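Participant: coords below, sequence missing:
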Ligand SMILES: NC(=O)C1=CN([C@@H]2O[C@H](COP(=O)(O)OP(=O)(O)OC[C@H]3O[C@@H](n4cnc5c(N)ncnc54)[C@H](O)[C@@H]3O)[C@@H](O)[C@H]2O)C=CC1
Ligand SMILES: O=C(O)[C@@H]1CCC=N1
């Protein structure tokens, strides 16, 4: 495959790092070095992909055009200072929850070109959505590179207000977890009503898969699709009266998103 991506340095080859790496491979990579000390990281090695345990093992001649930070926010203070030498030449893309552009610039220097981004796990099948915010130091070419790198795993939206990233982290960053919890709860409730566990699992799973596919298949808003299920005086209406009670799902979802947004801000300040 013709390489379309320049040399890249990926810090952290865990769930999100590996998902992005897979997306980049589809685009055609020239060279990617992955730094990850974890026992599973070696499995990421492939043509044009080298895995090393620490920056100390990096070939001093390697000149990445972008450094992608995909470690946990708590690890950031240990790894970022060692990357400052690339700040004059490389774009930095961080997907770490909470960690602000100012925090990164504090370690990399005020001239560093930094994009803070928040993807989500459907990135693993190129169905993710990422919201990104670029520092003023990012050049148009680097902006385009960030779009390409993040766009390799799904849709990308750039925003100018970085403060939105905390709420985005709560909504779409963590969002898949809420959908999976819904699937788990549906299965449990099915079993409570006497449905055999195997069938309960398949019902819950395929209902979520089918519903998401229906959403993807057209332009109808979710409320329209919901109403299409809800026959007047029927069964769904009874269930929705419970779930849509103000103190039930609407309040719980608001509280959940508020709590996650606050935690993202906290991660920015402490870790
Ligand atoms: N999991 C998710 O749904 C999402 C996670 N994120 C963010 O992505 C980042 C990574 O999260 P995950 O991939 O879920 O975590 P993960 O735990 O799967 O991956 C983190 C990787 O970093 C490696 N690592 C640990 N110390 C290191 C070091 N000193 N140098 C290099 N690598 C090191 C670990 O071995 C591991 O492979 C986090 O900052 C998280 O906030 C962003 C969007 C969604
Ligand atoms: O839970 C977390 O902190 C990360 C950020 C969004 C999804 N997972």
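Facilitator: Cool, the structure landed. From a predicted model like this one, the values you see are computed outputs, not experimental measurements. Ligands and ions are numbered 1, 2, ... in the order given.
Participant: quick one, helices of the protein?
Facilitator: With DSSP state H, the ranges of helices along the chain come out as 15-27, 76-79, 101-108, 140-151, 164-168, 175-192, 197-217, 222-229, 235-243, 249-269.
Participant: Switch the ones you listed over to JSON lines; also include mean pLDDT.
Facilitator: Putting these into JSON lines (pLDDT from 0 to 100) gives the following:
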{"stretch": "helix 15-27", "mean pLDDT": "97"}
{"stretch": "helix 76-79", "mean pLDDT": "93"}
{"stretch": "helix 101-108", "mean pLDDT": "96"}
{"stretch": "helix 140-151", "mean pLDDT": "98"}
{"stretch": "helix 164-168", "mean pLDDT": "98"}
{"stretch": "helix 175-192", "mean pLDDT": "98"}
{"stretch": "helix 197-217", "mean pLDDT": "98"}
{"stretch": "helix 222-229", "mean pLDDT": "98"}
{"stretch": "helix 235-243", "mean pLDDT": "98"}
{"stretch": "helix 249-269", "mean pLDDT": "96"}
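Participant: Mean neighbour count, those: which tops it?
Facilitator: Neighbour counts (mean count of other C-beta atoms under 10 Å) averaged over each of these peak at helix 164-168, with a mean of 21. Backbone N, C-alpha and C define where each C-beta goes, glycine included.
Participant: Would you mind splitting the protein into its domains for me?
Facilitator: The chain breaks down into these domains under automatic domain parsing: 8-163, 175-268.
Participant: can you give me the offset of the first one from its chain's centre?
Facilitator: The chain centre lies 12 Å from the centre of domain 8-163; the measure is C-alpha atoms, centre = their mean, to the nearest Å.
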